[in-house]
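**Student:** below are the sequence and a predicted model for it; my questions follow.
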Amino acid sequence: MKKILFIISFCLLGLLNLSATETPEFDGKITGKIVDKNSGQAVEYANIVLYRQSDSTMVTGTISDSNGFFEIQKIPSGNYYMVTNFIGYEKQSVRNIEINKNNKLVDLKNLAIQQAINTLADVEIVADRNYVDFKIDKKVVNVSQHINAEGGTAAEVLENVPSVTVDMEGNVALRGNTNYTVLVDGKPSPLKGSDALKQIPASIIENIEIITNPSAKYDPDGTTGIINVILKKDKRDGFNGMINLSGGTWKKYGGSANFNLRHKKTNYFITVDYNKNPSNMTAGEDRTNFLSDTVLNLEERSKRVETRRPWKINSGIDYYMNEKNTLSISGTYGGFGYFRDFNTKYYSYTEPVSEEGFILSDNYFSVDGIYYSGNLNFQHKFNENGHNLDASITLWQWNGNQFEDSHQQFADENWNPIDQSILIRTNTESIRNNFKITVDYVYPFKKSKFEVGANAHLNPGTTEYIFENYDETTETWINNEEFSNDMFFKQNIFAGYSTFSSEFKGFSYQLGLRLEYTDRLIHQKTTDEKFMVDLFNYYPTIHISKQLKENQQIQASYSRRINRPEPWELNPFPNYSDSYNSSKGNPYLRPEDTDAMELNYYKRIKKGFFSVGLYYRINHDTRVMNIQIDENNCLYLIAENIDRTSAYGSELMLNYDVKKWLNMNLSGNAYQYEMYGSLSERNVNQKSFNWDSRFVATVKLPKDIRFQINGFYSSPSVEAIGKMEASYSVGASFHKDFLEKKASIAVSINDIFGTQNYITHSKTEYYDSHIWFKGESQVVRLTLIYKINNYQRRQQQNGMEMNFGGGA
């Protein structure tokens, strides 16, 4: 309790210090908001430069913040003109701005800028959005430019994005690491990591923000950063909407519908989506177990069918009470289904005495559950631009079932069943509850900005695991009490943060500090064991940026983050799949702490932009999956901490219009990965140089036709006890607008040459393993989209934003 009070005192101290700030001395000031002329939406990070009217000497400048607002202070008396510039827009000039003792404040209100338009013969070409936009603190993936992902999911959008790799099962890694946080409109997702990204249809996404070094305002969970998915929602007056239908080979189909109604002070929206995505896979393993004097050789071959079936309904209301107060209420009700059927053949033989064995195994696994969430958000805007108070309450619950049925039978050398079956089934009922309350306050003064906030995050849950064996004599299922168990999990986190942003000699900077207290309890009811964690920690952040010239920017940042274990990783009871494979948790797992540093440079060129970044990340108490063999030759996975891992490298990206009709986006990431420590009293010292590259070529043809080809290559890499081989793939897509752009059709094909595989090698003194997976290739998907009343993209309002540029 003392630590919670300390965090509260930390936030209050910041407010007291703020109240003691001296009143700003008089200076001339220009304020306003940059908006898109067509949509009226805010334009963030636009360049604003003030020039002296008499000789066009540049006086000062700033950039618009995440809501489009800007403020230029400390302006001497005189006559000026101001130029606003942003990529993809025409320059906008405001002349005859006079600052004197009688006109100290000039408020330009909404300053509209027009998207750039070029004329080519009789075809009007409107400037497209960039494939990826680079902001001061994040990369923004513009989903509308990824036509290869139309009809797919957020995971498929990310397949050709810098910093991100996606394997053949749709598992997303950020800079080679799966420990990241997924937000939806700035709010935590009920599902974690790749599971969340694989169930969000691309058709309902406006853009995806990749934040590798978040500020102290964000929760520090996720060692490699945050993936924030911003959903579409149109806020223009009247009724509008969009309907999306898709279908693909191997019985893939799905659809979504977005509807929006704006009337006077109220905005209503609803989104419905459903997807069914089955996939076929072949897999195999060649394993040798070295236990005692007998060597067991095992060959496994399996055919797998996996099906994902997510659906949800999301609805809400935004009520604009007046110019200063907005109340938003939203809710989501949905389901997530994952179903997997394995048909496996095991062939084993021993050495030096040869004993052969043949086993047929049929394993069915499913995760099926319902979740719901609700959010209440209130925002108050004070008189000064950017002076805001936000408060929100979020709650969600997951109620799910994990079922596994394993049927094993001995066979002869021709794979004919010859013996009694071994039947095992497990059933896991889990309930996860989350409640979060957040308060954020922002106060701008002079060329600075102070932010302070606090939140409480309560996360209780239960898991009941039932393990049963089938008795063929009595034809009944019998509970196996040796493995069945019941667990209660609770994790409460109380946090407070403060950030300060300002400018100094042409540099913009932000300093932040977040304090957190964690109270965690695992109660294994079956054995009445309790495992408790009482942890107080701090998370500093630093961000620095400088606008070198009109078209160049450099940025540096540091943050400290954490990756907390999931409940299933902590449960000490084993979970058996079959006679040869199992897993169990480790209640003594420690959280993984990360120190991350970045240096980035961006330059706009005549026909595009170029970026290069350097990064260094060191993880302490890194969580890895260790593989062990028990006395029955059963392999089981267990999560353990290793001393540390590190990754340091560089990312490059070039977006270039080769011709007016051809755009190329090239990117690459190269890094050194190192791992040090011990696992099961075995020293680990792994190093590898890894790199990946990707390209997207977009051809713009007459009559609103676009053709796109994309590809990637990912180099070999090391793991805690082995290595992974290289992977590469090429895909293509076609997009056509018609009915005056009210409708469109898209066709895509993945892995054209069938090259994408997943192959790993693992070796210790106890076993040697070679595993391979081969997923679906040449999957063709057809997508149809229809817009009602020219449905447009939503304005980003609820996503957590951070800004440390001048004029905030």
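**Tutor:** The structure has been received and is ready for your questions. Residues are numbered from 1 along each chain as shown.
**Student:** list the buried ones in stretch 552-572?
**Tutor:** Buried residues in stretch 552-572, counting neighbours by 16 or more other C-beta atoms under 10 Å, are found at 553, 555-557, 559-565, 567-572. No exception for glycine: its C-beta is placed from N, CA and C like everyone else's.
**Student:** list the ones among those residues that fall in helices.
**Tutor:** Counting by DSSP state H, the buried residues of stretch 552-572 place 567-570 in helices.
**Student:** list the beta-bridge partners for the residue lying closest to Asp221 once chain neighbours are set aside.
**Tutor:** The shortest distance from Asp221 to any non-neighbouring residue, by C-beta to C-beta, 6 or more residues apart in numbering, is to Thr181 (4.9 Å). Thr181 has these beta-bridge partners by DSSP bridges: Ile226.
**Student:** any stretches of the stretch 151-300 of the chain with poor pLDDT?
**Tutor:** Within the stretch 151-300 of the chain, the stretches with pLDDT under 70 are 151, 160, 162, 167-170, 176, 190, 233-237, 291-292.
**Student:** that one: strands as residue ranges?
**Tutor:** With strands called from DSSP state E, counting those that start in this stretch, the stretch 151-300 of the chain shows them at 164-166, 172-174, 181-184, 187-188, 205-211, 226-231, 238-248, 252-263, 266-291, 294-308.
**Student:** what of the stretch 301-450 of the chain?
**Tutor:** Going by DSSP E, counting those that start in this stretch, the stretch 301-450 of the chain shows strands at 311-320, 325-351, 356-381, 388-411, 417-445, 448-471.
**Student:** same for the longest one, what does it pack against?
**Tutor:** Right, strand 417-445. Strand 417-445 is packed against strand 388-411, strand 448-471, strand 574-578, with contacts defined by 3 or more C-beta pairs under 8 Å, 6 or more residues apart in numbering; DSSP states H and E.
**Student:** could I get the ones you listed as CSV with mean neighbour count and mean pLDDT?
**Tutor:** Formatted as CSV, the helices and strands packed on strand 417-445 follow (neighbours: other C-beta atoms under 10 Å; pLDDT from 0 to 100):
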stretch, mean neighbour count, mean pLDDT
strand 388-411, 17, 93
strand 448-471, 18, 94
strand 574-578, 20, 73
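**Student:** sorry, back to before: now the residue nearest to Asp221: how far from Val624?
**Tutor:** 20 Å (C-beta to C-beta, to the nearest Å).
**Student:** one step back: now tabulate the strands of the stretch 301-450 of the chain in JSON lines and tack on distance to Val161.
**Tutor:** Output for the strands of the stretch 301-450 of the chain, formatted as JSON lines (distance: least, C-beta to C-beta, whole Å):
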{"stretch": "strand 311-320", "distance to Val161": "24"}
{"stretch": "strand 325-351", "distance to Val161": "24"}
{"stretch": "strand 356-381", "distance to Val161": "26"}
{"stretch": "strand 388-411", "distance to Val161": "27"}
{"stretch": "strand 417-445", "distance to Val161": "28"}
{"stretch": "strand 448-471", "distance to Val161": "29"}
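**Student:** which residue comes closest to the most centrally placed residue in the chain once chain neighbours are left out?
**Tutor:** What sits nearest the mean C-alpha location of the chain, by C-alpha atoms, centre = their mean, is Ile227, with 2.4 Å. Distances taken as C-beta to C-beta, 6+ apart place Val182 nearest to Ile227, at 5.3 Å, with adjacent residues excluded.
**Student:** report the contact partners of that neighbour.
**Tutor:** By C-beta atoms under 8 Å, 6 or more residues apart in numbering, the contact set of Val182 is 188-189, 191-193, 196-197, 226-229.
**Student:** ok, 10 Å please
**Tutor:** Contact analysis of Val182 by C-beta atoms under 10 Å, 6 or more residues apart in numbering lists 154, 172, 188-197, 200, 208, 222, 226-229.
**Student:** could I have the buried ones of the residues you listed as ChimeraX selection syntax?
**Tutor:** If you want just the buried ones from the contacts of Val182 in ChimeraX, going by 16+ other C-beta under 10 Å, the selection is:
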select :154,172,188,189,190,191,193,194,195,196,197,200,208,222,226,227,228,229
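**Student:** out of the strands of the stretch 151-300 of the chain, which is closest to Thr60?
**Tutor:** Across the strands of the stretch 151-300 of the chain, Thr60 has its closest neighbour in strand 205-211 (28.7 Å, C-beta to C-beta).
**Student:** who does the closest one touch, helix- and strand-wise?
**Tutor:** Applying 3 or more C-beta pairs under 10 Å, 6 or more residues apart in numbering; DSSP states H and E, one finds that strand 205-211 makes contact with strand 132-134, strand 139-142, helix 154-157, strand 181-184, strand 226-231.
**Student:** quick check: mean pLDDT of the second one?
**Tutor:** Which is strand 139-142. For strand 139-142, the mean per-residue pLDDT is 80.
**Student:** in its sheet, what does it sit against?
**Tutor:** Strand pairing (DSSP bridges) places strand 139-142 next to strand 132-134 (antiparallel), strand 205-211 (antiparallel).
**Student:** contacts only, for the residue lying farthest from the centre of the chain.
**Tutor:** No residue in the chain sits farther from the centre than Val353, which is 52.1 Å out by C-alpha atoms, centre = their mean. Residues near Val353 by C-beta under 10 Å, 6+ apart: 293-295.
**Student:** so which of the ones in helices among the buried residues of stretch 552-572 sits lowest on pLDDT?
**Tutor:** Lowest confidence among those: Trp568, with 83.
**Student:** for the nearest residue to that one once chain neighbours are set aside, what are phi and psi?
**Tutor:** Spatially, and ignoring its direct neighbours in sequence, Trp568 is nearest to Gly585 (6.1 Å; C-beta to C-beta, 6+ apart). Backbone torsions of Gly585, given as degrees, to the nearest 10, read phi -90, psi 180.
**Student:** could you do Leu589 as well?
**Tutor:** Main-chain torsions, Leu589, degrees, to the nearest 10: phi -60, psi 140.
**Student:** isn't it up against Thr622?
**Tutor:** No - assessed by C-beta atoms under 10 Å, Leu589 is found out of contact with Thr622, at 11.0 Å.
**Student:** which of the two has more neighbours?
**Tutor:** Using other C-beta atoms under 10 Å, the more surrounded residue of Leu589 and Thr622 is Thr622, with 25 against 20.
**Student:** C-alpha coordinates for stretch 404-420, PDB please?
**Tutor:** Extracted in PDB, the C-alpha atoms of stretch 404-420 (Å, rounded to 0.1, in the frame of the first residue of the first chain):
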ATOM      1  CA  GLU A 404      -7.500 -31.500 -26.700                       C
ATOM      2  CA  ASP A 405      -8.300 -35.100 -27.700                       C
ATOM      3  CA  SER A 406      -5.500 -37.600 -28.400                       C
ATOM      4  CA  HIS A 407      -6.000 -41.000 -29.900                       C
ATOM      5  CA  GLN A 408      -2.900 -43.300 -30.200                       C
ATOM      6  CA  GLN A 409      -2.700 -46.800 -31.400                       C
ATOM      7  CA  PHE A 410       0.200 -49.200 -32.100                       C
ATOM      8  CA  ALA A 411       0.500 -50.500 -35.700                       C
ATOM      9  CA  ASP A 412       2.400 -53.000 -37.800                       C
ATOM     10  CA  GLU A 413       5.000 -52.000 -40.400                       C
ATOM     11  CA  ASN A 414       2.300 -51.400 -43.000                       C
ATOM     12  CA  TRP A 415       0.600 -49.000 -40.600                       C
ATOM     13  CA  ASN A 416      -2.300 -51.300 -39.800                       C
ATOM     14  CA  PRO A 417      -3.700 -50.900 -36.200                       C
ATOM     15  CA  ILE A 418      -2.800 -54.000 -34.200                       C
ATOM     16  CA  ASP A 419      -3.300 -53.100 -30.500                       C
ATOM     17  CA  GLN A 420      -5.600 -51.400 -28.000                       C
END
